[in-house]
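# this is a predicted model, with the sequence first.
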Amino acid sequence: MSFFNKFFTKKKEEELNDGLQKTKDSFFGKISKAVAGKSTVDESFLDELEHILIQSDVGLDTTVKIIDRLESRVAQDKYINTDELNTILKSVITDLLAENNTEDIDDFDYNRINSPHIILVVGVNGTGKTTTIGKLANQFTKKGFKVVLGAADTFRAAAVDQLNIWADRVGCDFYNKGMNTDPAAVAYETVQHAMNTEADIVLIDTAGRLHTKTYLMKELTKIKNSINKKLPGAPHEVMLVLDATTGQNAIEQAKKFTEATEVSCLALTKLDGTAKGGVAIGISDQFKIPIKYIGVGEGLEHLQVFNKQAFVDSLFSQ
C-alpha cells in the first residue's frame, strides 16, 4: 500500500471514529457502569444491557436477538471480565451485520458496472437525500466517472434548484424539465439523456414523500417502471436515504418504503449528530438490506462506503 493510500485510509478511519463519538460515549459509558464490579453475566446485567441497546435505537427485535446470542456465547466462553464481554458483544454484532449481505469494500467501486448505471434515490424530506446525491456525484466525478443528476422531484422548485447547484458545484451533467412535470417522464428522459451522452452513472432524485401517504408512495412504482421501460433491468439500485438522528422513526420509514418499492441499499446520514448510531444495527438486522453509505460529517468527503467491520471496530474502540 502506498503512503497516500495509507494516509487516506487512516483519514477515513479518523472521520469514522469522530462521527461515531456520541454513540460510543453513550453506549460504552453505560455498559461500563452496568458491568462495574460484576464477575459474571446475571439477569440484572442482561436487563440493563437490554435497556442500553434499546436506548441506542437498536430496536426491540434486534436487541432480543443480541441478548439471546450473548447469553449463548457467555455460557460457552465462560465470561469473566469487562474486556471479554466487549469482545463477545463485538463478535455478536459483527455476525449480525454480516447476515444482511453487505460486502465489505474500502471505497466507492463502480468500475465493474455496465453503463449507464442507474441509481434511484428515495426518502422523506429532511433526511439529507439531495445532499447525499451531491456528495456521491462529487466522489464519482473525482474518480473519473461521467455522472448525470436527474431532477425527478418536480413538486418543489427548491429541490430542482438545489440539485442544479450540486451539479454545478461538482461539475457533472444535469437533466430536468422544470416544476410540475411528470416525475416518471423526467426519470425516463434522464435515462435517455444518459444513454445519448454515454454517461457512466445516473443519480435520480425523487420527491421527499411522506411515508404515511399511500398514493404518493405508489408513484415510486410508476417512476421505477418508467425507468425500466427505457432501460430494461434498471434502476440497478434503489437507494433509501434515512436520517440516523430520527432513531426508530427511520426504521418505520424503512418499513414503508420497502413496502412501496424494491429498496436494494441504504444510506444512513447524520451519524455524527446522534448518540443513537445503534439504529444502523437494527435496520441492518430487520430488513436484511445492505447499508451502503454512511454520513459521518458535513464535508463532501464525510460520506463513506459502509464497511461493517470498520464500523464495529470503531464502535468498540476506546
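It's in. Numbers count the residues shown, from 1 in each chain.

# so where is the chain shaky, pLDDT-wise?
1-9, 28-29, 32, 35-39, 79-80, 101-112, 209-216, 318 (pLDDT under 70).

# 50 instead?
1-8 (pLDDT under 50).

# all strands for it, in order.
Taking DSSP state E as the test, the strands found in the chain are 117-122, 147-151, 173-175, 201-205, 237-243, 265-269, 291-295, 303-305.

# in TSV: those, plus mean neighbour count and distance to Ala187.
In this view, the C-beta of every residue, glycine as well, is placed from N, C-alpha and C. Converted to TSV, the strands of the chain look like this (neighbours: other Cβ atoms under 10 Å; distance: least, Cβ to Cβ, whole Å):
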stretch	mean neighbour count	distance to Ala187
strand 117-122	25	7
strand 147-151	27	6
strand 173-175	21	10
strand 201-205	28	5
strand 237-243	24	12
strand 265-269	24	18
strand 291-295	23	20
strand 303-305	21	23
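
# hang on, Phe155 packs against Thr206?
No - look at Phe155 against Thr206 with Cβ atoms under 8 Å: they stay out of range, at 9.9 Å.

# tell me which of the two has more neighbours.
Thr206 (26 against 16; other Cβ atoms under 10 Å).

# how near is the more buried one to Asn100?
Distance, Thr206 to Asn100, by Cβ to Cβ, to the nearest Å: 24 Å.

# what sits against the spatially most central residue of the chain?
For the chain, the residue sitting closest to the mean C-alpha position, by Cα atoms, centre = their mean, is Ala267 at 2.3 Å. By Cβ atoms under 8 Å, 6 or more residues apart in numbering, Ala267 lies in contact with 132, 239-242, 291-295, 303.

# in those, find the pair that's most separated.
Pairwise distances across the contacts of Ala267 (Cβ to Cβ) peak at 15.1 Å, for the pair Leu240 and Leu303.

# on that earlier part again, could the contacts of Ala267 go into TSV alongside distance to Lys22?
Below are these laid out as TSV (distance: Cβ to Cβ, whole Å):
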residue	distance to Lys22
Thr132	20
Met239	25
Leu240	23
Val241	20
Leu242	17
Ile291	18
Lys292	22
Tyr293	19
Ile294	14
Gly295	14
Leu303	18
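
# just the closest of the residues you listed to Val263, please.
Distances from Val263 to the contacts of Ala267, taken by Cβ to Cβ, are shortest for Leu240, at 4.6 Å.

# which residue is the nearest non-sequential neighbour of that closest one?
Computed as Cβ to Cβ, 6 or more residues apart in numbering, the closest residue to Leu240 that is not its neighbour in sequence is Val263, at 4.6 Å.

# that neighbour and Asn81: what is the separation?
For Val263, the distance to Asn81 (Cβ to Cβ) stands at 41 Å.

# list the contacts of Glu262.
By Cβ under 8 Å, 6+ apart, the neighbours of Glu262 are 224, 238.

# please report phi then psi for it.
Torsion angles at Glu262 (phi, psi; degrees, to the nearest 10) stand at phi -90, psi 80.

# my guess is Thr23 contacts Ser314, does it?
No - judged on Cβ under 8 Å, Thr23 makes no contact with Ser314 at a distance of 9.5 Å.

# distance from the chain centre to stretch 288-298, please.
Relative to the chain's own centre, stretch 288-298 is displaced by 3 Å; criterion: Cα atoms, centre = their mean, to the nearest Å.

# stretch 82-90 now?
Between the mean C-alpha point of stretch 82-90 and the mean C-alpha point of its chain there is a distance of 26 Å (Cα atoms, centre = their mean).

# can you pull the buried residues of it?
By 16 or more other Cβ atoms under 10 Å, the buried positions in stretch 82-90 come out as 85-86, 88-89.

# for these, which one is nearest Thr127?
Leu89 (29.2 Å).

# that closest one touches Ile67, doesn't it?
No - Leu89 lies out of contact with Ile67 (Cβ under 8 Å); the separation is 10.2 Å.

# quick revisit: looking at Val263 and Asn81, which has the bigger crowd around it?
Val263 (20 against 12).

# what sits against that one?
Val263 neighbours (Cβ under 8 Å, 6+ apart): 122, 238-240, 254, 257, 287, 289.

# got TSV for those residues, with distance to His51 too?
Shown next, in TSV, are these (distance: Cβ to Cβ, whole Å):
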residue	distance to His51
Val122	33
Val238	35
Met239	33
Leu240	29
Ala254	23
Phe257	29
Phe287	24
Ile289	27
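
# alpha carbons of stretch 189-205, as PDB, please.
The C-alpha coordinates for stretch 189-205 follow below in PDB (Å, rounded to 0.1, in the frame of the first residue of the first chain):
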ATOM      1  CA  GLU A 189     -35.900  11.100 -20.200                       C
ATOM      2  CA  THR A 190     -32.900  11.300 -17.800                       C
ATOM      3  CA  VAL A 191     -32.100   7.800 -18.700                       C
ATOM      4  CA  GLN A 192     -32.500   8.500 -22.400                       C
ATOM      5  CA  HIS A 193     -30.200  11.500 -22.000                       C
ATOM      6  CA  ALA A 194     -27.600   9.400 -20.100                       C
ATOM      7  CA  MET A 195     -27.600   6.800 -22.900                       C
ATOM      8  CA  ASN A 196     -27.300   9.500 -25.600                       C
ATOM      9  CA  THR A 197     -24.300  11.100 -23.800                       C
ATOM     10  CA  GLU A 198     -22.700   7.800 -22.800                       C
ATOM     11  CA  ALA A 199     -22.800   8.600 -19.100                       C
ATOM     12  CA  ASP A 200     -21.500   6.100 -16.600                       C
ATOM     13  CA  ILE A 201     -23.700   6.800 -13.500                       C
ATOM     14  CA  VAL A 202     -27.100   8.400 -13.200                       C
ATOM     15  CA  LEU A 203     -28.500   9.500  -9.800                       C
ATOM     16  CA  ILE A 204     -32.200  10.300 -10.000                       C
ATOM     17  CA  ASP A 205     -33.700  12.400  -7.200                       C
END
